[in-house]
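1. Give the three-dimensional model of this entry:
(4 chains)
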Protein chains: 2
Amino acid sequence: MLPRSYVSPARSAAAAETRERVIEAASRTLREGESIARFSLDTVAKAAGVTRLTVYNQFGSRRGLLEAVFDEIARHGGLHQLADAMAMADPRAALDRMVEIFCGFWSRDSAVGRLHDAMATDPEFAEVLRERNERRRHGVAALIDRIARRSASPQARKDTVDLIFTLTSYPTFASLSAGRSRDEVCRVLQTACRAALGPLIGPRT
Amino acid sequence: MLPRSYVSPARSAAAAETRERVIEAASRTLREGESIARFSLDTVAKAAGVTRLTVYNQFGSRRGLLEAVFDEIARHGGLHQLADAMAMADPRAALDRMVEIFCGFWSRDSAVGRLHDAMATDPEFAEVLRERNERRRHGVAALIDRIARRSASPQARKDTVDLIFTLTSYPTFASLSAGRSRDEVCRVLQTACRAALGPLIGPRT
DNA sequence: AAATTAGATATACATGATGTATAGTCAATC
DNA sequence: GATTGACTATACATCATGTATATCTAATTT
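-> A predicted model of the protein is given here:
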């Protein structure tokens, strides 16, 4: 006999709410813990007031939870401002703005650092985060194409794109954050990115 | 009664040899495994033909073994060439050479990548590796002091030091290594480091 | 030659993590 | 009132680090 099934507004709303609660507890645990090693589903479940199995029901696995946390952070991380930045008339100003936006993103929620740590132990999760980052590379490439003079070789363009991609990555931000505020790091990186453009805009004018 | 104790040439030689064998097996396991997660003392012990407890006797802990592996890699990594580089008359040529030496170091043994991954899960091991890296920062600072014009502010010097320190780090090398040979990465980084000097050598000449 | 010692082994155990399986609870929906 | 979906309770399998204890063996010392 066919099982009768139904969608329940109240139930799915409640489920969505517990899901949110678990994600919130997970990112809080990531923020407060001093290492990704301490991040266990048991801790998260207790912090969220649910059972460990509920976490599995909602996210399938530890990795699923981490991905959900990253997506949540990305949703509120201010990356939507990139569209405006890319639309700026001056591509160099757009690059400055892009650096600024990513500095804001990397610093907004310290959980992103722990999520990058998780890349080390979970290759598949690392792949997911890498794909997310590729969007940034495409954005950089688009700007570089507008900035580079026409005679710039494809190789020089690619080198510059990859270099600026690396300069705007989380590890670079974290490395420069020792003893610097977010804005100071931003300044350093903007200067570095402008300097990195050198080979593309020809001999010094 | 006093326990009589002695040092045994044959014994300690044999112990040193097993120690070497375990380190070799460990770095091989790190190289071949696709993630630090797969790196277990059980695997290493079997690969070395000893018991897991022998590893504990020799290295005390997983972390101790990882530190020993890093030290072994550092010993054969060519970093001794840094002394010659630092002694070069032209500090900019010395910087180029320094970048070259570190590109060689990061690429010589792929186990170094896995060791950096281990930083994510083991804070104390991360601290050990950070201390090792601080020597590089001091080296960079010494060169920058020779390169910077006298009017360069302390802050500008510090920014440049930290930036070049980051550019010569393993994460940066790894990021640029996708689709590039060691020498190509080296070229890109040398160019980037020279460009990063810009603010220190005054307005464009 | 006999006793002792250092290094390695054998075996067992405690702890904590991920992930799976099964049965049960309770409120929302049909 | 029967059924269904989300969550719970409990148990289990597996694998990792790390500790404890007793044993074995070959190198030294007396």
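2. CA only for contacts and neighbour counts going forward, please
-> Noted.
3. and the residue minimising distance to the centre of chain A, what does it touch?
-> Geometric centre of chain A, nearest residue: A:A74, 6.1 Å, by C-alpha atoms, centre = their mean. A:A74 makes contact with A:F105 under the criterion C-alpha atoms under 8 Å, 6 or more residues apart in numbering or on different chains.
4. before we move on, what about A:A47?
-> Contact analysis of A:A47 by C-alpha under 8 Å, 6+ apart lists A:25, A:29.
5. Could you give the separation of the helix or strand harbouring it from the chain centroid?
-> According to DSSP states H and E, A:A47 maps onto helix A:41-48. Distance of helix A:41-48 from its chain centroid, counting by C-alpha atoms, centre = their mean, to the nearest Å, is 24 Å.
6. Just checking the helix or strand following that helix against DNA strand D, any contact.
-> For helix A:41-48, the succeeding helix or strand toward the C-terminus, using DSSP H and E, is helix A:52-59. Yes: Helix A:52-59 comes into contact with DNA strand D (C-alpha under 7 Å from any atom of the strand), by way of A:52-54, A:57-58.
7. now, among those, which is nearest to A:E24?
-> Checking the residues of helix A:52-59 next to DNA strand D against A:E24 by C-alpha to C-alpha gives A:Q58 as the nearest, at 13.6 Å.
8. Can you give me the neighbour number for A:T51?
-> The number of residues packed near A:T51 is 15, by other C-alpha atoms under 10 Å in any protein chain shown.
9. Which residue is the nearest non-sequential neighbour of it?
-> In space, and not counting its chain neighbours, A:T51 is closest to A:A45: 5.5 Å by C-alpha to C-alpha, 6 or more residues apart in numbering or on different chains.
10. wait, what's in contact with the one you found?
-> Residues near A:A45 by C-alpha under 8 Å, 6+ apart: A:22, A:25, A:51-52, A:54-55.
11. I'd like to know how far it sits from A:R97.
-> 39 Å (C-alpha to C-alpha, to the nearest Å).
12. who touches the helix or strand containing A:M119?
-> Following DSSP H and E, one finds A:M119 within helix A:111-121. Helix A:111-121 has contacts (C-alpha under 8 Å, 6+ apart) with A:27-28, A:30-31, A:35-36, A:66, A:70, A:73, A:106, A:125-126, A:129, A:170, A:174, B:35-37, B:117-118, B:120-121.
13. Over to stretch A:152-161?
-> Contacts of stretch A:152-161 (C-alpha under 8 Å, 6+ apart): A:137, A:140-141, A:144-145, A:148, A:196-197, A:199-202, B:188.
14. which among those residues end up buried?
-> A:137, A:140-141, A:144-145, A:148, A:196-197, A:199-200, B:188 (16 or more other C-alpha atoms under 10 Å in any protein chain shown).
15. Any idea how many residues pack against A:A126?
-> 18.
16. do you know how far it is from A:R63?
-> A:A126 is 10 Å from A:R63, by C-alpha to C-alpha.
17. Same question for A:V55.
-> 11 Å.
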